[in-house]
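**Student:** give me a model of this one.
(chains A, B and C)
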Amino acid sequence: MPAPPIRVGLFVTCLVDLFRPSVGFAAVKLLEAAGCAVDVPPTQTCCGQPAYNSGDRADAKAIARQVLDAFEAFDYVVVPSGSCGGMIRQHYLELFADESALLRRAQHLAERTYELVSFLADVLKLERVEARYDGVATYHDSCSGLRELGVKEQPRKLLRSVAGLRLEELPGAEICCGFGGTFCVKYPEISDRMVADKAADIAATGADTLLAGDMGCLLNMAGKLTRLGKPVRVRHVAEVLAGVAGETPPIGGAAAGRS
Amino acid sequence: MEPTSNAFKENAHRALADANLQKALGMMRRGFPNKRATALARLPEFDALREQAKAIKDHVLENLDLYLEIFEQNVIAQGGQVHWCRTPQEARETVLAICSRLDAKTVTKGKSMIAEEMALNDYLEQHGVTPVETDLGEYIIQIRKEHPSHIIAPAIHLVKEQIAESFRQTHKGLDPARPLEEASALVAEARTVLRQKFLSADVGITGANFCVAETGSTVIVTNEGNGDLTQTVTKAHIVMASLEKLVPTLEDLSTLLRLLARSATGQEFSTYTTLSTGPRRADDTDGPGEYHVVFLDNGRSAMLGTEFQDMLRCIRCGACMNHCPVYGTVGGHAYGWVYPGPIGAVLTPTLLGVDKAGHLPNASTFCGRCESVCPMKIPLPRMMRHWREHEFERKLSPAPYRYGLKAWAFLATRPPLYRFTAAVASRVLGWIGAPHGRFRSLPLAGGWTQGRDLPAPEGRSFMSLWAERRKAGP
Amino acid sequence: MSEARAQILGAIRRSLKRGPLDAPQRAEIAARLAAHDRNLVPARAASLDHAGQVDLFQRMAEEVETTLTRVASAAEVPAAVADYLSQKNLPARLVMTPDPQLDDIPWGTRPMLEIRRGRAEVTDQVGITGCFAGIAETGTLMLISGPESPTRNNFLPDTHIIVLRGEQVAASYEEGWSRLRAARRAADGNVDLPRTVNFITGPSRTADIEQRLELGAHGPRRLHIVLVDDGPAS
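**Tutor:** Numbers count the residues shown, from 1 in each chain, chains lettered A, B, ... in the order given. A predicted model of the protein is given here:
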C-alpha cells in the first residue's frame, strides 16, 4: 500500500497571484509530480513583509496571524519565493517573540515551511526533473533565498537535469538586483542603477534566458532588460523545472503573434 | 561635520551622475569582496573564530564599566592618563587642552573615526593648532577639504587624476612639470611631504582599534606605518577611542585581529599592528613623553541594553560597506555623515537622532549581505528595521507612503476583498499591458518606469484560476 | 572630568539595569584576565613541528613581499647582509640598533659595511634590527621597544633588515604573548610590557589610490629578513 501523499499547502505569494499565475501552476505541477497532495488555502493574501519592513509591526502581525491560521493543517508549506519563505521561516519568530502562544505556532509553521526548489531538493530529495528547455540560461540568486534559506546549489542541481538547457554562471549572482520590496518604491533612482548593473552582468554572460526564484527580482530584472532591448527571456525557475515554459510568454514579453 | 543625511536622495542623485565616482566604485565592488573571499577560503576556522569573537565582545559589553575601570588603572600604572568625555565638545576641549599645555603648533594624525565623529580637525584649526592627516587616503581628502567616504579607504571615491591635480595645487614648491600619472609617483610624493610633517609635529593623535584591559594598551592596525611615526617621534601620543573598544586580554585581542584584516582588505594580517602602553620608559631613546587615552561616549552608553547594543560589537572593518550594493552604487558621501553604508544606517540615527538620518535605515534592500559578511555577526538589517519601526511609530515616514501602506494592509487583512481586488487588477492591467507584455509608463509607478519597464500581469489572478480548477474538479 | 567619568560609568550601569558589579563578579573577571586562556588557535601553524613552522613563516612572509635569506649561523649574517645590499644596489651604510642580540654577529668580517649603532635618523637609508619573535601563522615579525631597540628604527629607514633566529619563530600570536610575558615578568610576578610592541607583516603599503597596491607608503619600502637557523628548536 503506498504511503499517504504528503499534504502541501501552497503559499502562492501576492506577486505570483497578481502577475504570474503560471508560476503557481508550475509549482503545483512539480509538487504533484513528486507525489504531494497540493491545496491552496483561499484565506491567504500576503506574508506581511511590506508592512514588516516598513516598520508597521501591527499590520505585519495581523497578516502573519492570518497565515498561521490558513496553513495550520498541512504537513508542509511551500512557497515559490525565497523572500516570502524567509519571512515565514525567520521573521515571524521575531514578530511573535514576546507572545509565547503565537510564537509556538510560528515555530511550528516555520519548521514546515520551505522555498519551492529547496523543498524539492532538500525534503523530497528530488535528484532530477523531467523537463526540456532549449537554451542557455543564467541564474540570479535572490537575496533572501540565498542568505536566509541557503538556496544556492538546489536550483543549479535541478536545472542541470533539464534536457537542452546549458547553465552559464552569472558573475555577481549573489549581488542584490535592486528590487528590495519597498526599496524600489522609495529609492527608484538607486534601484534603477543597481538593476542596470545587474542587466549588464546578465547580458555579458551571453545567456538567452535569465532564471531566478523570486517574482520581485524577476519583474525588476525583466523590466530593465526589456527597456534596454536586451534579448533575454526572463522566467521563474519553476516554469523551466516544470517544463511549462512553452505555455506562456516570458516575463515582460508579449504573447506570440501580439507584437 | 554638518550631517546631510536627510538629503540622502539628493546626495545619491549627484553620486549617480558623478562619472569619476562611478568608475572608482566599480573598481571597489568586486575588489574587496574577492580579496576577502580568498582570505576566508584559506582559514577554515574563520566561522568558529567569529562565534568566539562575538562572545568576547558580548562579554565585554555586559561588563563594560568594570573593564573600563581596569583599563584605566593599567594605563595609569604605566604612567599614562585616561580622559572621560560624554560629548564631542568635551573631547575636543580635552585634546585642545593637552595641545595647549605642550604649546603644540602642529599635530600629526593617524586615522581615527572618533576624531571624525567629533570634527576634531576643524576645532583644532580654529584654535591655532594645525592638524595633518597622515594616512594617505585621509591626507588626500584633507587637502581636498572633503570627508572620508569609506572607513578604511577614505579616498576610495577618487580616481588618481583627481589626486594628482590636488597634489599639484597643494605641494607648491615642487617642479610643476613632474610626472604624476602613476599611483607610485603620488605615493612617493606624499611620503616625502609627510615625512617632514612627522618630524616637525609636536603631538601625535591616533585612533584605537582595540583597548586591552589587561595591560592598559591601545592597539592600532595600519598598512602604511603612519600611525607609528605619528606616535613615536612626537612629545605626546593622544589616543581617541570610543567606550566599546575594550577587549579583556591579549589572547582575546589575537582572536579579533585574525578577523579584522581578512574582513577588511582580505589580507592575512595588516602590515602594522601596534600596541602602545604608556609613555616612553625612563631609559627609552624614543617614544612619546606623554600618553593620553581620550574616551568618547557620545551616546554609546545609552545603546547598551537596547535593541542596538549589538552594534557596539563593531570592529570597523568595513566589510559591510564593501559588500553593500547600495553603498557600491552611491558611495559613502551620500550617507551624509561620518559612517557610511550599513554601519551608518544603524549608527547615524543612533548618534544623531532618527529625525536627522531617517533615510539611512530605509535605503537598504535588506539583501542581508552585510550581516552575512560581518565578522562580529551584527544583525544590521534587523537594527535598520528597528529604526523603521521607531520612524513608523513617530509618523516620521512620508505621509503618502504611510497611507498607501495602510490601504494595502486594509486589503491584505480581508482575504475575500483582497482576492476580488487582485482578480480585477490582474484582469485590467493584463488587458492594457497585453499588446507588449509590459508597461513603459504607468500612473503612480513613475519612479519604477523611469528607467525600466513594468512587466504586465498575465491577465488572471492565480486564486481565481485555482478556484475555477477546483470547481471543474480533477 | 571625574564628573564625566562617574556619569559615564553610571550611564553604563543604568543601561545594563544594574549597579556596580559585586565582589564575586569582579573576582570572576579578575580570574578571567589572569588566566590568559587562549581562544581557538588555527591549526595552520599550531599543527606543525618547529621546522615546519619556520618553513611556514618563510612562505607567509614571502607572500607579503618580505624577502628572506636563510643562513646557518651568525657568522654568515654579515655576508648575507652585504650581498642583499649589493643586489639591490643599496648603500652599505647602515644604522643598527644597539641590541645585544646583534652583538655576536662578526660584523668585522665585512669591513665594507659601514655600521653606526644607535637611533635612526631621517637620513638613514638602511637599518638593521633584531626582533623579539617571528609568528609563523602569517609571516609576522614581533618587535619590542626598549633602550636597545628604539621604535623609529623600524619605520624611518627605507630598507629594514631584520635578523631573526630560528628559535624565535613561534606558531601563533598567542605563543608570542606567552614568550613576551615570560621575558618581561618581574620578580614580583608583574609583567611590564614595553612601551611599544610592533607586529610587522611585510613592507609598508597602501592601496588608498584606486585600490592599487603600492609599497613604501610611510614605513620601509623593503623588508628583508636574515633568518639564522642555528639554535635548537624551542
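**Student:** can you tell me how far the closest residue to chain A within chain C is from B:Gly207?
**Tutor:** Residue of chain C nearest chain A, by C-beta to the nearest C-beta: C:Gln211 (17.1 Å). C-beta coordinates here come from the backbone N, C-alpha and C atoms, glycine included. Distance from C:Gln211 to B:Gly207, counting by C-beta to C-beta, to the nearest Å: 22 Å.
**Student:** between the two, which one's more packed in?
**Tutor:** Set C:Gln211 next to B:Gly207 and count neighbours by other C-beta atoms under 10 Å in any protein chain shown: B:Gly207 wins out with 25 against 17.
**Student:** contacting residues for the residue in the stretch 51-200 of chain A that chain C sits nearest to?
**Tutor:** For the stretch 51-200 of chain A, the residue closest to chain C is A:Gly172, as judged by C-beta to the nearest C-beta, at 17.1 Å. A:Gly172 makes contact with A:Lys198, A:Asp201, B:Arg30, according to C-beta atoms under 8 Å, 6 or more residues apart in numbering or on different chains.
**Student:** near chain C, from the residues you listed?
**Tutor:** By C-beta under 8 Å from any C-beta of the partner chain, no member of those lies near chain C.
**Student:** domain map for the chain?
**Tutor:** Using chain A. A:6-122, A:128-247 (automatic domain parsing).
**Student:** meant chain C actually
**Tutor:** C:2-35, C:47-228.
**Student:** span of the last one from start to end?
**Tutor:** End-to-end distance of domain C:47-228 (C-alpha to C-alpha, to the nearest Å): 23 Å.
**Student:** that domain: how far from the chain's middle?
**Tutor:** 7 Å (C-alpha atoms, centre = their mean, to the nearest Å).
**Student:** SS state for the closest residue in space to C:Leu33 that isn't next to it in sequence?
**Tutor:** Nearest residue to C:Leu33 in three dimensions, chain neighbours excluded: B:Glu214, at 4.9 Å (C-beta to C-beta, 6 or more residues apart in numbering or on different chains). In three-state terms, and counting by DSSP: H, G, I helix; E, B strand; the rest coil, B:Glu214 is coil.
**Student:** B:Glu214: neighbour count?
**Tutor:** 22.
**Student:** what's the answer for C:Asp229, then?
**Tutor:** C:Asp229 has 16 nearby residues by other C-beta under 10 Å.
**Student:** do the same with B:Leu429
**Tutor:** 19.
**Student:** which ones are touching it?
**Tutor:** B:Ala456, B:Pro457.
**Student:** can you name the element that comes right after the host helix or strand of it?
**Tutor:** Element membership for B:Leu429 (DSSP states H and E) is helix B:415-433. Toward the C-terminal end, the helix or strand that comes next after helix B:415-433 (DSSP H and E) is strand B:438-439.
**Student:** and A:Ala199, helix, strand or coil?
**Tutor:** helix.
**Student:** least trustworthy helix or strand in the chain by mean pLDDT?
**Tutor:** No chain was given, so I picked chain A. One helix or strand of chain A scores below all others by mean pLDDT, DSSP states H and E: helix A:183-186, with a mean of 93.
**Student:** actually, chain B is the one I wanted.
**Tutor:** helix B:446-451 (a mean of 88).
**Student:** show me what the helix or strand just after that helix is packed against.
**Tutor:** Following helix B:446-451 in sequence order, the next helix or strand is strand B:454-455 (DSSP H and E). Counting by 3 or more C-beta pairs under 8 Å, 6 or more residues apart in numbering or on different chains; DSSP states H and E, the packing neighbours recorded for strand B:454-455 are helix A:215-227, strand B:438-439.
**Student:** quick one: is the first one near chain B?
**Tutor:** What it means is helix A:215-227. Yes. Legend: contact between helix A:215-227 and chain B by C-beta under 8 Å from any C-beta is shown at A:Leu219, A:Asn220, A:Ala222, A:Gly223, A:Lys224, A:Thr226, A:Arg227.
**Student:** tell me the pLDDT of the third one.
**Tutor:** It stands for A:Ala222. Note on A:Ala222: pLDDT of 98.
**Student:** list the buried ones in the one helix or strand C:Ala6 maps to?
**Tutor:** Element membership for C:Ala6 (DSSP H and E) is helix C:2-15. Using 16 or more other C-beta atoms under 10 Å in any protein chain shown as the test for burial, helix C:2-15 gives C:Ala4, C:Arg5, C:Ile8, C:Leu9, C:Ala11, C:Ile12, C:Arg13, C:Ser15.
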